[in-house]
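**Student:** any chance you can model this:
(one chain, ligands or ions: 3)
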Amino acid sequence: MPPERPEFTSCALRSFGHSYRHHLSFLAFLLLLDGGMFSPSSPPTGLLEKVFQYIDLHQDEFVQTLKEWVAVESDSVQPVLRLRRELLRMMGLAAERLRLLGARVDSVDAGLQQLPDGQSLPIPPIILAELGDDPKKPTVCFYGHLDVQPARQEDGWVTDPHTLTEVDGKLYGRGTTDNKGPVLAWINAVSTFRALDEDLPVNVKFVIEGMEEAGSPALEELVQKEKAGFFSSVDYIVISDNLWISRRTPALTYGTRGNSYFMVEVKCRDQDFHSGTFGGILNEPMADLVALLGSLVDSSGRILIPGIYDHVAPVTEEEKRTYEAINLDLEEYRKSSQVKKFLFDTKEELLMHLWRYPSLSIHGIEGAFHEPGAKTVIPGRVIGKFSIRLVPHMNMSVVEKQVKQHLDYIFSKRNSSNQMTVSMTLGLHPWTANTRDNQYLAAKRAIKTVFGTEPDMIRDGSTIPIAKIFQDTIQKSVMMLPLGAVDDGEHSQNEKMNRWNYIEGSKLFAAFFLEMAKLH
Ligand SMILES: NCCCC(=O)N[C@@H](Cc1c[nH]cn1)C(=O)O
Ligand SMILES: [Zn+2]
Ligand SMILES: [Zn+2]
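**Tutor:** Ligands and ions are numbered 1, 2, ... in the order given. Below is the predicted model of the structure:
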């Protein structure tokens, strides 16, 4: 099922067997019934109407291509040769698709990924593609990724994760929303203009990679290298790799948090111990580690590392109003997240703690016994993993120092004979955009046209590192224009993208091209 009110879209209305114009009168009728929550957009005319009709008529083909892409197990997280080959195949399929569109495609060799065991695996090539180089048109560059998180049916998927399965308008499958669907939606939009033999309103560039879920190891270097080459003519960058905050209301994203990832190792020796033979006569690494991890954050979510909040940007009244304007039903959000109670009771507090305050999460313990059963082991060496989501204007190296000092202090109080080592293994900066930029304006207009409503202006609590890298390196406007609904379950079991979001999203990109051309 598409999210509530699928009837508000031309694509869903298509099933009523009316023409587009008939749909609009039916739409007006539905709006009356609904109390007019969404204001109707003016009907698309001329080229836009043709484009929308084409997308509606060809939606099954677009879904079929998504099915073919989902069938490729392009998991970049597990470093094994079989999956790496799948990833290479995925990038090959995408390059071929872009060539068929008439794009000039360069599959740039990205070198090797060195693995901790000394082996290496090929990093899939990064696709740089371009279509059109008319100096009178703006050049919009789309970034997306075609690698996915691991998924096995036995992890709790109701359907095979690599067989796209449609149930009630939901397209289930790994990568449907993250990020194969949005990449294809952009391609669908471009291909629609080509199929209609219409001039593309903008020059289009693509950066498509296959290692995003593994930290994009080769991308930053390529962006630096191509700054004066491929990227020199880019005016705007669009990323569609996050979700709306609602099942129904589209969104535009203007900020993400950063992340600093820490490993804290506590070691007695490299081998495990028998707890009957050694239990009671030594400092157990796991007990030290649990105490260290337990010292990081309290039960209200407050980070306990001294000084960590010192540089967090203060909240302004104007900023507070932006959270008030977001149309978020807290109760629905809570229920759909299957959480009994959130730490905050108001929408504003919740959004601020997701978007504009740091948070600390404990991710796991390497070396710990975690299987079913009752093994009487004392792990000899354990590594705790946690990360801190960073916000403006926290300073990464200050955070690193504060974390290390805090853990040193807690560990020293335990008088343990074990060895503790702390390292920050990843440092990703937060990103914020200028929403007064032309492309934000164009996107808002396109959203109004396609969805008949203003977007929620949102930030995202997670991190899309490439946004900041693009912004700093190319120094052009970066915008996040998500297509997926809040309940899509990226990285989770039963990931899905609604057919409605995929098809209306394809229209949104097409409408965005036309709005960009008007503003240029
Ligand atoms: N909704 C977009 C999510 C993208 C994502 O999951 N990014 C990762 C990136 C990351 C941060 N630290 C390590 N990897 C995330 O966890 O935010
Ligand atoms: Zn993604
Ligand atoms: Zn992801």
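**Student:** pick out the residue of the stretch 301-450 of the chain closest to ligand 2.
**Tutor:** Nearest to ligand 2 in the stretch 301-450 of the chain, going by C-beta to the ion, is residue 428, at a distance of 13.8 Å. Using the backbone N, CA and C atoms, a C-beta is placed for each residue, glycine as well.
**Student:** where exactly do the strands run in the stretch 201-350 of the chain?
**Tutor:** In the stretch 201-350 of the chain, strands defined by DSSP state E, counting those that start in this stretch lie at 203-209, 236-239, 251-256, 258-267, 273-274, listed in chain order.
**Student:** tabulate the ones you listed in JSON lines, adding columns for mean pLDDT, mean neighbour count and distance to residue 423.
**Tutor:** Formatted as JSON lines, the entries for these read as follows, by pLDDT from 0 to 100; neighbours: other C-beta atoms under 10 Å; distance: least, C-beta to C-beta, whole Å:
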{"stretch": "strand 203-209", "mean pLDDT": "98", "mean neighbour count": "25", "distance to residue 423": "26"}
{"stretch": "strand 236-239", "mean pLDDT": "98", "mean neighbour count": "23", "distance to residue 423": "29"}
{"stretch": "strand 251-256", "mean pLDDT": "98", "mean neighbour count": "24", "distance to residue 423": "24"}
{"stretch": "strand 258-267", "mean pLDDT": "97", "mean neighbour count": "21", "distance to residue 423": "5"}
{"stretch": "strand 273-274", "mean pLDDT": "98", "mean neighbour count": "14", "distance to residue 423": "25"}
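**Student:** how about the ones you listed in TSV, adding distance to ligand 1?
**Tutor:** Shown next, in TSV, are the strands of the stretch 201-350 of the chain (distance: least, C-beta to the nearest ligand atom, whole Å):
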stretch	distance to ligand 1
strand 203-209	13
strand 236-239	9
strand 251-256	8
strand 258-267	4
strand 273-274	33
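**Student:** so which of the ones you listed gets nearest ligand 2?
**Tutor:** Across the strands of the stretch 201-350 of the chain (criterion: C-beta to the ion), the nearest stretch is strand 236-239, sitting at 9.1 Å.
**Student:** which stretches in the stretch 401-520 of the chain count as helices?
**Tutor:** 438-451, 465-474, 499-519 (DSSP state H, counting those that start in this stretch).
**Student:** out of those, nearest to residue 193?
**Tutor:** Ranking the helices of the stretch 401-520 of the chain by their distance to residue 193 (criterion: C-beta to C-beta) puts helix 499-519 first, at 7.1 Å.
**Student:** up against ligand 2, what does the protein have?
**Tutor:** Proximity of the chain to ligand 2, by C-beta under 5 Å from the ion, involves residues 178, 179, 241.
**Student:** residues in contact with the second one?
**Tutor:** The one in question is residue 179. For residue 179, the contacting residues are 144, 145, 146, 212, 240, 241, by C-beta atoms under 8 Å, 6 or more residues apart in numbering.
**Student:** helix, strand or coil: sort out it for me.
**Tutor:** Residue 179 falls in the helix class when you classify it by DSSP: H, G, I helix; E, B strand; the rest coil.
**Student:** look up how far ligand 1 lies from it.
**Tutor:** Using C-beta to the nearest ligand atom, to the nearest Å, residue 179 is found at 8 Å from ligand 1.
**Student:** just the CA atoms of stretch 245-253, as CSV, please.
**Tutor:** In CSV, the C-alpha atoms belonging to stretch 245-253 read as follows (Å, rounded to 0.1, in the frame of the first residue of the first chain):
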residue,chain,number,x,y,z
ILE,A,245,10.2,12.3,8.4
SER,A,246,6.7,11.2,7.5
ARG,A,247,4.9,8.5,5.5
ARG,A,248,3.0,11.1,3.5
THR,A,249,4.7,14.5,3.5
PRO,A,250,7.7,15.0,1.3
ALA,A,251,10.8,16.7,2.7
LEU,A,252,13.8,18.6,1.8
THR,A,253,16.9,18.1,3.9
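**Student:** now it, how far from the chain's geometric center?
**Tutor:** Centroid separation between stretch 245-253 and its chain, computed with C-alpha atoms, centre = their mean, to the nearest Å, is 14 Å.
**Student:** which residues touch that stretch?
**Tutor:** By C-beta under 8 Å, 6+ apart, the list of residues contacting stretch 245-253 from outside reads 3-5, 242-244, 326-329, 332-333, 336, 433, 435, 440, 443-444, 447, 450-451, 453, 455-460, 479-482, 485-487, 508.
**Student:** coming back round to it: what does the pLDDT read for the residue of the stretch 301-450 of the chain closest to ligand 2?
**Tutor:** Per-residue confidence at residue 428 stands at 93 (pLDDT).
**Student:** so what sits opposite it in the bridge?
**Tutor:** The residues listed as beta-bridge partners of residue 428 by DSSP bridges are residue 259.
**Student:** that one contacts residue 466, doesn't it?
**Tutor:** No - contact between residue 428 and residue 466 fails when scored by C-beta atoms under 8 Å: they sit 9.8 Å apart.
**Student:** re the thing from before, which one of the contacts of residue 179 has the most neighbours?
**Tutor:** Within the contacts of residue 179, neighbour counts (other C-beta atoms under 10 Å) peak at residue 145, which reaches 28 neighbours.
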